[in-house]
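> what follows is a protein structure lacking sequence information:
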């Protein structure tokens with residue numbers, strides 16, 4: 001009887017051993033230790049975010065070019081600062097040599113201010129403006145023909161202190177001083193472009209109109225952007241729509257210049273000049289979230305010394321410019337600038353857990369297919 005029990009016990013241990021081996025095999029199946037690579041999850045994420053054409057209009061005031069009466073630009077600056085304190089101060093001083101002046105205008109935008117001082121403007125010592133001005137204000141200060149004279153004129157812009165021992169500072173941008181005068185003159189202006197507009201550039205056009213009987217087309221109207229000629233034609237009455245090629249015009253982020261000019265006795269009245277910038281912009285950024293599980297056997301395989309873990313995917317950027325991609329797995333972030341096509345990012349094996357969360361996000365718009373998280377065995 002005891003011998004029979006021993007036989008049954010041995011048989012039972014053998015069956016238990018086979019079950020244990022099978023169980024251990026299931027932990028790694030189908031990721032057997034001799035496999036060269038193992039894929040833990042595979043997803044087709046698809047489109048993330050969206051992209052569409054954005055438009056920004058850059059408008060200029062109307063002006064004349066050539067011989068005759070018109071608003072002549074005496075001063076132009078992208079940004080300047082005026083200040084006043086007990087012992088020092090900064091003012092903007094403009095010198096203009098006039099022929100037959102009939103008044104003029106001072107324009108600027110208040111970018112920022114400190115203190116309680118008032119902005120003032122003087123023409124040949126005569127005060128034409130004085131006011132405490134808030135941030136964002138765009139005063140248009142007109143001065144009459146009585147304030148200017150033939151010959152040299154001095155136009156100043158400054159600020160008061162606000163009090164005997166106080167100080168004040170104003171930051172001004174897009175500052176322009178024009179004088180209505182009779183002489184041969186060109187128009188010089190400026191405009192600002194942003195990095196996002198040029199990196200995702202589509203096209204740009206300059207439009208303007210010339211009213212009836214407002215020009216003498218004895219010579220061509222020439223237009224330059226950043227010193228590069230983009231137009232030269234003799235025109236009478238028409239509406240113009242001119243392509244401003246990004247490369248030919250030398251467009252660059254930040255400050256850009258534009259100039260209208262002509263020669264001899266020619267004259268052009270330019271109304272409603274405007275540059276339209278078209279570029280690809282991203283809609284509200286979206287995030288893709290994926291969850292997957294790993295068995296104990298899969299985690300054991302990933303943690304072996306001779307395996308390397310990767311995130312691989314096929315990527316297609318939907319923006320003209322390169323965009324950074326943020327891939328987060330269980331709170332561990334990998335920030336890359338992927339290329340169109342196949343990409344592979346090495347990750348740490350200890351980033352992987354039995355329950356995993358994968359988050360993919362970007363400020364741009366993209367398509368992602370065949371995303372895999374996998375291990376590959378190193379070549380011996």
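Everything's here; your move. The shown structure was predicted, so the numbers you read here are calculated from the model rather than taken from an experiment.
> C-alpha only now, for contacts and for neighbours.
Will do.
> can you report how many residues lie near residue 111?
18 (other C-alpha atoms under 10 Å).
> that one touches residue 169, doesn't it?
No - Residue 111 is beyond contact range of residue 169, at 10.8 Å (criterion: C-alpha atoms under 8 Å).
> low-confidence ranges in the stretch 101-250 of the chain?
Across the stretch 101-250 of the chain, nothing is flagged by pLDDT under 70.
> helices of that one, residue ranges please.
For the stretch 101-250 of the chain, the helices defined by DSSP state H, counting those that start in this stretch cover 195-199.
> okay, strands next: where are they in it?
Secondary structure of the stretch 101-250 of the chain (DSSP state E, counting those that start in this stretch): strands located at 104-114, 119-123, 126-131, 140-143, 151-159, 168-182, 187-193, 201-210, 221-225, 228-233, 238-243.
> dump those into JSON lines; add distance to residue 63 as well.
Shown next, in JSON lines, are those (distance: least, C-alpha to C-alpha, whole Å):
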{"stretch": "strand 104-114", "distance to residue 63": "13"}
{"stretch": "strand 119-123", "distance to residue 63": "22"}
{"stretch": "strand 126-131", "distance to residue 63": "23"}
{"stretch": "strand 140-143", "distance to residue 63": "16"}
{"stretch": "strand 151-159", "distance to residue 63": "21"}
{"stretch": "strand 168-182", "distance to residue 63": "10"}
{"stretch": "strand 187-193", "distance to residue 63": "8"}
{"stretch": "strand 201-210", "distance to residue 63": "10"}
{"stretch": "strand 221-225", "distance to residue 63": "13"}
{"stretch": "strand 228-233", "distance to residue 63": "17"}
{"stretch": "strand 238-243", "distance to residue 63": "15"}
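> surely residue 175 meets residue 79?
Yes - assessed by C-alpha under 8 Å, residue 175 is found in contact with residue 79 at 6.9 Å.
> could you measure the nearest residue to residue 68 once chain neighbours are set aside against residue 58, distance?
What sits nearest to residue 68 in space, not counting adjacent residues and going by C-alpha to C-alpha, 6 or more residues apart in numbering, is residue 182, at 5.2 Å. Distance, residue 182 to residue 58, using C-alpha to C-alpha, to the nearest Å: 28 Å.
> repeat that for residue 339.
Residue 339 is 34 Å from residue 58, by C-alpha to C-alpha.
> helices along the stretch 251-380 of the chain, start to end?
296-302.
> more crowded one of residue 175 and residue 79?
Set residue 175 next to residue 79 and count neighbours by other C-alpha under 10 Å: residue 175 wins out with 18 against 14.
> got the contact list for the more buried one?
75, 76, 77, 78, 79, 80, 106, 107, 108, 109 (C-alpha atoms under 8 Å, 6 or more residues apart in numbering).
> show the pLDDT at the fifth one.
Okay, so that is residue 79. The score at residue 79 is 93. That number is its pLDDT.
> now swap in the first one and tell me
What the model reports as pLDDT for residue 75 is 95.
> so which of the strands of the stretch 101-250 of the chain gets nearest residue 53?
strand 201-210 (8.0 Å; C-alpha to C-alpha).
> check which helices and strands that closest one is in contact with.
Taking 3 or more C-alpha pairs under 8 Å, 6 or more residues apart in numbering; DSSP states H and E as contact, the helices and strands that strand 201-210 lies on are strand 238-243, strand 267-282.
> unless I'm mixing things up, residue 293 is touching residue 356, no?
Yes - using C-alpha under 8 Å, residue 293 is in contact with residue 356, at 6.0 Å.
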